[in-house]
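> Show me how the following folds:
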Amino acid sequence: MANRPARAWPALDLDRRPGVDLDPGLDDRLAVVIDGLGVTAVEGEAGAHWRLHFDAAATRDAAADVLGRALGAWLDVATVEVDDDEWARKVQAGLGAVRVGRIVVAPPWDVKKGPDGPSDEEPPGTRSAPLFTIIIEPSTGFGTGHHQSTRLCLAALQALDLQGRRVVDAGTGSGILALSAVRLGASDVVGIDVDEDAVASAHRNAELNALAGRLTLLVADLGAIGLAPADVVIANLSAGLLRQHAATLAGLVTCGGRLIASGFTRDQVPLVLEAFADLAPAGRNDEDDWVALAFRRP
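Numbering: from 1, shown residues only. All right, here's what the predicted structure looks like:
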């Protein structure tokens, strides 16, 4: 693929107003206010400075208005733009490889072994299981494997036999789950996302893993493209998007196939179960407050 200019990501800087005594519960209050505002990442120093990242300027600007009204007595709110190169430099010092079962997700600077090489830190009794490394170039807009929902999906994939299977990854982002499905033996993998920058990121990561010819990556709206049914459908989305696309996602699952849904919290589980009532529940995993649900088409 042709080189693309670095994308600038919208963000908000929140800074303590000089001379203002902060509410001792401001950190908790901020967490409550930003919930549901579309924040993709948070960094900063508690009680003094925060930077909130967003995937769209309109979402950022709407959040700025909410935050200004809710917390303007204590904080100055300023809009900023952050490019991917700056994000990568900032996270490089602290972002390392993450292992989930047989899969290690690693940024390019923390790849200690070859793509299929063994780990020096494998738990006792797992030496016979092959270990796979998925190299992911960090971007503020797409997953790096450090979020709970991504890890839950990786664990759920490894609980299935993907040999020779067809897999659809809806909302592929950086391509972590689609690339992992290929490594786990799937023979036909499709990753789809409405964001062309997400798909460009997934293409770059496919090239980093020498898997560019082993999967299909598409820029498309899930509800507007006709995809062939799959043995396994992965949907690491928000609860709202899962409900919006529930009929399409469920319709993609072949008879006897599985749907893995994540990207939502425990309090939203009833909403997701209701959305996929036509499928049979087939498992649940939790990490912190995040949940992955597996469904089976009878």
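> And the strands in the stretch 51-200 of the chain?
75-83, 98-100, 103-106, 132-135, 166-170, 188-193 (DSSP state E, counting those that start in this stretch).
> Could you list the paired strands of the third one along with their orientation?
Going back to what we said before, that points to strand 103-106. The pairing partners recorded for strand 103-106 under DSSP bridges are strand 98-100 (antiparallel), strand 132-135 (parallel).
> Including distance to N205 and mean pLDDT, could the strands of the stretch 51-200 of the chain go into CSV?
Using the backbone N, CA and C atoms, a C-beta is placed for each residue, glycine as well. Listed next are the strands of the stretch 51-200 of the chain as CSV, based on distance: least, C-beta to C-beta, whole Å; pLDDT from 0 to 100:
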stretch, distance to N205, mean pLDDT
strand 75-83, 18, 88
strand 98-100, 15, 89
strand 103-106, 10, 90
strand 132-135, 7, 91
strand 166-170, 12, 97
strand 188-193, 10, 96
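> closest to L259 out of these?
strand 166-170 (9.6 Å; C-beta to C-beta).
> Sheet partners, orientation included, of the biggest strand by length in the chain?
Across the chain, the longest stretch assigned as strand under DSSP state E is strand 253-265. Neighbouring strands of strand 253-265 in its sheet, by DSSP bridges, are strand 230-236 (parallel), strand 290-296 (antiparallel).
> Pick the most deeply packed of these.
strand 230-236 (a mean of 26; mean count of other C-beta atoms under 10 Å).
> got the contact list for it?
The contact list for strand 230-236, computed with C-beta atoms under 8 Å, 6 or more residues apart in numbering, reads 143, 149-150, 153, 157, 160, 162, 165-171, 173, 177-178, 181, 186, 188, 190, 241-242, 245, 249, 252-254, 256-263.
> What mean pLDDT does it get?
For strand 230-236, the mean pLDDT works out to 97.
> tell me the angle it makes with strand 166-170.
20 degrees (axes from the mean of the first three to the mean of the last three C-alpha atoms, to 10 degrees).
> Please convert the strands of the stretch 51-200 of the chain to TSV, extending it with distance to A220 and mean neighbour count.
As requested, those are exported to TSV (distance: least, C-beta to C-beta, whole Å; neighbours: other C-beta atoms under 10 Å):
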stretch	distance to A220	mean neighbour count
strand 75-83	26	16
strand 98-100	28	19
strand 103-106	25	23
strand 132-135	23	23
strand 166-170	10	27
strand 188-193	5	24
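> Out of those, flag the one nearest L279.
So among the strands of the stretch 51-200 of the chain, strand 166-170 is nearest, using C-beta to C-beta, at 14.8 Å.
> related to what we said a few turns ago, as JSON lines, the strands paired with strand 253-265 with distance to P281 would be great.
Below are the strands paired with strand 253-265 laid out as JSON lines (distance: least, C-beta to C-beta, whole Å):
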{"stretch": "strand 230-236", "distance to P281": "15"}
{"stretch": "strand 290-296", "distance to P281": "6"}
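> can you tell me which of those strands comes nearest to V272?
strand 290-296 (6.0 Å).
> and T265, what are its bridge partners?
Bridge pairing for T265 - DSSP bridges - gives W290.
> That one against V291, yeah?
Yes: assessed by C-beta atoms under 8 Å, T265 is found in contact with V291 at 6.7 Å.
> that older thread, of the strands paired with strand 253-265, give the one that comes closest to L215.
Comparing the strands paired with strand 253-265 by C-beta to C-beta, strand 230-236 comes nearest, at 12.5 Å.
> so where is the stretch 101-250 of the chain shaky, pLDDT-wise?
112-130, 139-145 (pLDDT under 70).
> I'd like the strands paired with strand 103-106 as JSON lines, with distance to V39 appended.
JSON lines is the format used below for the strands paired with strand 103-106 (distance: least, C-beta to C-beta, whole Å):
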{"stretch": "strand 98-100", "distance to V39": "21"}
{"stretch": "strand 132-135", "distance to V39": "25"}
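> Ok, which of those strands comes nearest R29?
strand 98-100 (30.5 Å).
> starting at the chain centroid, how far to the closest one?
14 Å (C-alpha atoms, centre = their mean, to the nearest Å).
> Contacts for stretch 162-173, please.
By C-beta under 8 Å, 6+ apart, the surrounding residues in contact with stretch 162-173 are 141-143, 175, 177-178, 181, 184-193, 198-199, 201-202, 217, 222, 227-237, 241, 245, 249, 252, 254, 263.
> Please state the offset of the longest helix seen in the chain from the chain centre?
If you go by DSSP state H, the chain has its longest helix at helix 57-71. Relative to the centre of its chain, helix 57-71 is centred 23 Å away, using C-alpha atoms, centre = their mean.
> Equivalent analysis for stretch 174-194, please.
That offset, for stretch 174-194, works out to 13 Å (C-alpha atoms, centre = their mean).
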